[in-house]
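> okay, sequence plus prediction incoming.
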Amino acid sequence: MRTHLYRAGNGFEPRARQLFVSIVFALLVILAASCAKSPEAPRPEGDAEGPLVVYAYDSFAAEWGPGPALAALYEKRTGRKLELVSKGDAGQVLAAALLEKGAPEADVYLGIDDRLAPRAFEAGVLEPYRPEGAARVPAELVMDAEWRLTPYDWGAFAIIWDSEKLATPPGSLAELAAPEYGKKLILMDARTSTPGLGFAAWTLGVYGEGLSEYWRDLKDSILTVAPGWDLGYGLFTSGEAPLVLSYTTSPAYHVEYEGTDRYKALVFPEGHPWQIEGAGIARGTRRPAAARAFIELLLDPEFQILVPTTQWMYPVDPATPLPASFDAALKPGRAPAVEPDDLEKALGAIAAELAS
Amino acid sequence: MDAPRASRPANVLLAAGGILAAALALALFLVPLPGAFGPLFGSGAKALIRTLNDSRTWSSLRFALLESLASSVLALALGLPAAWLVARREFRGRRFLSSLGAVPFAVPPLLVALGFVMFWGRSGAVNAFLVRVLGLDEPPVSFLYSIHGVVLAHAVYNFPIVMRMAGDLWARLPDEQADAARSLGAGEGRILLGVTLPQLAPALASATSLVFLYSFSSFVIVLVFGAMAGSTLEVEIYRAARIEVDQGRAASLALVGTAAALLLVGVYAAMEARHASPGQSQGLRNPRKPLRGRLERVAALAYGTVASILVGGPAVSVLAASFIERRGFSGTFGFGLGNYRRLFESGALGSLGVTLVLALTTAFIAAAAGTAAAWGLRRLGARGPKLTFAYLPLAVSPAVIALGWTRVVPGRGGASLLAVALIQAAGAWPLAWRSAHAAFSKIQGNVLDAAATLGSSTADRARRVDLPLAARGIASGAAFAFALSVGDAGSLILASPGGAPPLALLMYRLAGSYRFNEACAAGVLMALLGSLAFAIREEASDAL
C-alpha cells in the first residue's frame, strides 16, 4: 500500500522516465563505441620521438632499485629519456606484452625470467637482438640462442637459516622434511610467487616420481605458505620460523645494511634452482635503435656494477666486482631442469598433498 | 514562489551531475566486464569445461563459502556491541573507538597479516608474554595458521562495516517500541532480542552480507593463514591471470565466482525485500546517554578489553615495529624515528599527496555514483526484487573488475590514477551504494509528500529534501571509500600508475625490498589518514 502511494506521489512522470531511460541508453552506446579500438596510426620511418618506454616490475623501478640510476645512465649515453613503467611483477610484464601484441606501447619488456621466457617466445612478442656484450655472458646464463631475451642478472633459490633461532640447520633438501624441523619452514605459494614456483620446480627436478611422497613428509615442516616473497620473508625476520625460502644472496643484504650475519644461506648437495632475468625488445617497437641501445646498456659494466646492491642478485658479467657483503652470498650448483608441462602437473600434485 | 525559480540553474546542474554519476555507476561495472569475460568466448567453451572439471575449482569454492560464513558471524559478534556503544552511549574514548574502525580498512592486508603475526604469532607478543609468565618451553597460542586465523583476521578487518551500518541505524531507532515493552515489564535482554534486533535487521543483513562478500573475495589473508587449509576462488583467479597467463581459465573461474556470489546476492536481496519494515520513522538521531548502571559499565569494559586486544594488539604491534630500527654492525635493535626519516627521504611526502588525491577522487566517484543510483532507483519506484539490479555489482569480485580493466585499457592507458580510482570506486561500490540507499529509504514518505504538495520539482526536492536528509549516509559511504582507497594496494599493483607511488604501493615495494620496518611506518601513515576520514565524518554527522 505504502509502495503504491509512494510511486503515485513521487515517481517520475512517464515522459520523464522515458527521457531518463533513453539518456542512459545513449550513454551506454557512447560507452560501447569508445571501447572499440581506434584505427592504428601509420608507422613513421626511423625511431619515433619521445622517451624509450620500458615495462619493468615494481622493485626494479623503485627509488632504491636500479631503475633511477639506469634511467640517468641511459639519458647520458643516448640523450633520450627513459620511461620505466612499473607493471607490478614479472608475470604482469609478460601479460602486458601478450595483450599489446602487434601494436606495442612499450619498446622493451624487462624482467621476463627463464621460467616465463617460453611463453614470451611462443607468443612471438620479442625481437631478437644480440648485443655486443653478449660474449661476456657465460654460456650457462644465455637464455636463448636467438637472443630474444638478454640476461642482466641471476640468482639461485635457497633456504635461509636464522642461526640464532635454530642450532642445527638441515643439510639437504631431504633433511628439510625431517620431523625435527616440524613447523619451522616458511614457503611461498607456487601459484602466486616466483620463489614458490622455483621451489616446486626444485623438488620436482630432484624427486621426480617421488614428488608426492616428499611433499607428504615436508608438509609437517611447513609453518605456512605465504602468497609472496615479501610477506614470507617478513614472517621470517619477525621470528616466526627459523627457515625460509629466498635467494642465496639474501644474507648479503643483512650484512650490508644491518651488520648482522645471523642469517645464512644453506647450500644443499642436490643443487639449487637458478633464476635468470632478462629483457627483450618489443616486436613492432617504434624505437628500434633506441631499444637496442638499452639492451647494450644492460650488459655495460656501469650498469652491471649496480646489480648486486640494488637487485640483490648476481650480475651476469662474471668480471663485475662484488661488494664485501656478497661473501655471505654463496654460489651454488644448479638443480636439474624441469619441463613446463611436468611442472604444471606437479603443482596440482603438490596442492593436493598440502590440502589432504 | 521566487525561490524555486532562482535556483533553476542549480537544479539543472544537479540533474546533469546526477545523470553523469548514474552513467559512471554503470560504466564502473559494464566497461571491465567484457574484458574479464571476453576470453570465454574467444576459446570456445573449452577453457570453461576444463575449469568446471577441475576439482580445485570446487574445493576452493567450498573453502571460500565456509570461511566467509564463519568470518561474517564473528564480525557481527564483534561489531554489534561497538555499534551500540558508538551510537547510543557517550563515554570517554567513544570517538576513538569510532575512528579506530578505519584502521583495518586503511591498511593493506599484507600489513594486517604482519600485524596479526607480530601479535598472535609464534614469536608474537602474546606468546612471548605467556612463555615468560607461565615459564613454558613452547609458545602456547598456535591457532593463527589455520582457518581460525583466517576467520579472526577477516572479522577484525571487517567489523567496522557492522559497527558503521548498524550504528547509523541504531542512532536513529525510535525508542517508543522499546519503551512500550519496558513499561510492560520486559527485561533489557528481551527488549534487545525481541524489539531492537528485529528493528536493526535490515542493517545487520546488509552489513553481514557485505562482510561475507568481502571475505569471499579475500586473498592475502586466506593465503598466509589458510594456505595449509585450502585456497579460495580469488586465489585461483589470481594464479590463472598472473602466473599461468591463462586468460581463458581466469575468465572461467571469474564466471564461477561471479555466479556463486550472484546467487548469494539474490538470496540476500530477496531476504531484505521481505524484511523491509516500512513503519520505521527515521530522521533525528537519539541523544547519546552516558553508561547507566553497573551492568552496562561492566559490559562496556569487558567489550572494550576484548576489542582492544583483537584490534589494538595487531595495530600496536605494527606501530611498535615502525619505530624499531636495526642498526650498527652488531645487528642490535633500537627505537627511533629512523624508519620515518628514511621513508620521507625516499619520497613519502609525494606519496602522501598522491594517496590523498587518489582517495578523495575515489570517495567522490563512489559516493556520487552510489547516490545517483540509489536516488534514481528510488525515483523509478524500484523496491523489493527490482532492487536486486543494484545489488548485482556486489557479486563481481575486485579481481574480476581489475582483470577486466587491465584488459580493456592495457598498456600505459591503464596506468593513470583515474583508472585506479575507477577500480577502487567499483570496489567501494557496495558500501557507497548501500549507505546512500539506506539513507534515502529512511527518509519519511510524508516529508516528500509534503514537498510534493507544496509544488517542488523533482530536482528541487532532491536538492532541498533528499540530499540534505541523506547527507549522513552519503558521507558514511564516502568515508568508507576513502579508507578503502588508502589501504588498497591490489588495484595499484595491477594498474601501476606512474609518478610518485601512492603509500600502499610504496609499502609493498618496501616490503618487497627487505625494508619491513619502513613498510610498517608507511602503514602507520595510512592508518592515520583513514582514521582522519572517519573522524571528520563523525564530526560532520554530529553537526547535522
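Good, I have the coordinates. Residues are numbered from 1 along each chain as shown, chains lettered A, B, ... in the order given.
> regarding chain A, what is its longest strand?
The single longest strand within chain A, with elements called by DSSP state E, is strand A:150-162.
> packing partners for that one?
Under the contact criterion of 3 or more Cβ pairs under 8 Å, 6 or more residues apart in numbering or on different chains; DSSP states H and E, strand A:150-162 touches helix A:194-207, strand A:243-247, helix A:250-258, strand A:263-266, strand A:274-282, helix A:288-298, helix A:307-311, strand A:314-315. For the C-beta atoms, the positions are set from N, CA and C on the backbone; glycine is no exception.
> so it versus helix A:194-207, what angle?
Between strand A:150-162 and helix A:194-207, the angle comes out at 80 degrees (axes from the mean of the first three to the mean of the last three Cα atoms, to 10 degrees).
> quick check: next helix or strand after strand A:150-162?
helix A:173-176 (DSSP states H and E).
> what's near enough to touch residue B:311?
B:100, B:103-104, B:156, B:159 (Cβ atoms under 8 Å, 6 or more residues apart in numbering or on different chains).
> can you confirm it is in a helix?
Yes - the assignment for residue B:311 is a helix, going by DSSP: H, G, I helix; E, B strand; the rest coil.
> from residue B:253, how far out is it?
Distance of residue B:311 to residue B:253, computed by Cβ to Cβ, to the nearest Å: 33 Å.
> can you tell me the SS state at the closest residue to residue A:200 other than its chain neighbours?
If the residues on either side of it in the chain are set aside, residue A:200 comes closest to residue A:190, at 4.1 Å by Cβ to Cβ, 6 or more residues apart in numbering or on different chains. Following three-state DSSP, residue A:190 is assigned to coil.
> show me the contacts for residue A:190.
Contacts here follow Cβ under 8 Å, 6+ apart; on that basis residue A:190 touches A:196-197, A:199-200, A:347, A:350.
> show the pLDDT at the residue of chain A found nearest chain B.
Residue nearest to chain B within chain A: residue A:260 (2.7 Å; Cβ to the nearest Cβ). Listed pLDDT for residue A:260 reads 85.
> make CSV out of the contacts of residue A:190 and add pLDDT and neighbour count.
Below are the contacts of residue A:190 laid out as CSV (pLDDT from 0 to 100; neighbours: other Cβ atoms under 10 Å in any protein chain shown):
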residue, pLDDT, neighbour count
A:196, 89, 25
A:197, 86, 24
A:199, 93, 23
A:200, 93, 25
A:347, 85, 22
A:350, 87, 25
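> from these, pick the one nearest residue A:180.
Taking Cβ to Cβ as the measure, residue A:180 lies nearest residue A:199 of the contacts of residue A:190, at 20.1 Å.
> list the contacts of the residue nearest to that closest one when sequence neighbours are not counted.
Leaving aside its chain neighbours, residue A:199 sits nearest to residue A:245 (5.3 Å; criterion: Cβ to Cβ, 6+ apart). Residues counted as contacts of residue A:245 (Cβ under 8 Å, 6+ apart) are A:157-160, A:185-188, A:195-196, A:199, A:232.
> can you flag which of the contacts of residue B:311 belong to helices?
Judged by DSSP state H, helices contain the following of those: B:100, B:103-104, B:156, B:159.
> kindly list the main-chain dihedrals of residue B:514?
Dihedral angles phi and psi of residue B:514 (degrees, to the nearest 10) take the values phi 70, psi 10.
> from what I see, it and residue A:233 are in contact.
Yes - taking contacts as Cβ atoms under 8 Å, residue B:514 lies within contact range of residue A:233: 7.3 Å.
> what's the overlap in contacts for those two?
When contacts are counted by Cβ under 8 Å, 6+ apart, residue B:514 and residue A:233 have residue A:250 as shared neighbours.
> residue B:434 and chain A, how far apart?
Going from residue B:434 to chain A by Cβ to the nearest Cβ, to the nearest Å gives 20 Å.
> pretty sure that residue contacts residue B:206?
Yes - under the criterion of Cβ under 8 Å, residue B:434 is in contact with residue B:206, at a separation of 5.4 Å.
> for the two, list the residues in contact with both.
Residues within reach of residue B:434 and of residue B:206 at once, by Cβ under 8 Å, 6+ apart, are residue B:165.
> look up phi and psi at the residue nearest to residue A:200.
phi -70, psi -20.
> how much space between it and residue A:115?
Taking Cβ to Cβ, one finds residue A:190 at 11 Å from residue A:115.
> repeat for residue A:163
Plainly put, residue A:163 is 31 Å away from residue A:115 if you go by Cβ to Cβ.
> surely residue A:144 meets residue A:118?
No - Residue A:144 is not in contact with residue A:118 according to Cβ under 8 Å; the separation is 9.8 Å.
> neighbour count winner among these two?
A direct count of neighbours by other Cβ atoms under 10 Å in any protein chain shown for residue A:144 and residue A:118 places residue A:144 higher, at 19 against 12.
> between residue A:190 and residue A:115, which contacts overlap?
Joint contacts of residue A:190 and residue A:115 (Cβ under 8 Å, 6+ apart) are residue A:197.
> if you drop the residues flanking it in sequence, what lies closest to residue A:286?
Of all residues not flanking residue A:286 in the chain, residue A:48 sits nearest, at 3.9 Å (Cβ to Cβ, 6+ apart).
> I'd like to know how many residues surround that neighbour.
What residue A:48 shows, counting by other Cβ under 10 Å, is a neighbour count of 15.
> low-confidence ranges in the stretch 251-356 of chain A?
A:356 (pLDDT under 70).
> go again using 50 as the cut-off
Of all residues in the stretch 251-356 of chain A, none has pLDDT under 50.
> residue numbers of it in contact with chain B?
Selection of the stretch 251-356 of chain A residues close to chain B by Cβ under 8 Å from any Cβ of the partner chain yields A:253-254, A:257-262, A:312, A:344, A:348, A:351, A:354-355.
> top of the residues you listed by neighbour count?
Going by other Cβ under 10 Å, residue A:312 tops those with 23 neighbours.
> show the contacting residues for that residue.
With Cβ under 8 Å, 6+ apart as the criterion, the residues that contact residue A:312 are A:155, A:247, A:249-250, A:252-253, B:514.
> just to revisit the earlier point, tabulate the ones in helices among the contacts of residue B:311 (CSV), appending pLDDT and distance to chain A.
Listed next are these as CSV, based on pLDDT from 0 to 100; distance: Cβ to the nearest Cβ, whole Å:
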residue, pLDDT, distance to chain A
B:100, 75, 23
B:103, 78, 19
B:104, 77, 17
B:156, 90, 17
B:159, 89, 23
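> check the contacts of residue A:245 and tell me the two furthest apart.
A:160 and A:196 (14.7 Å).
> mind listing the strands for the stretch 51-200 of chain B?
B:89-90 (DSSP state E, counting those that start in this stretch).
> what sits against the closest residue to chain A within it?
Ranking the residues of the stretch 51-200 of chain B by distance to chain A (Cβ to the nearest Cβ) places residue B:123 first, at 3.5 Å. Residues near residue B:123 by Cβ under 8 Å, 6+ apart: A:238-240, B:139.
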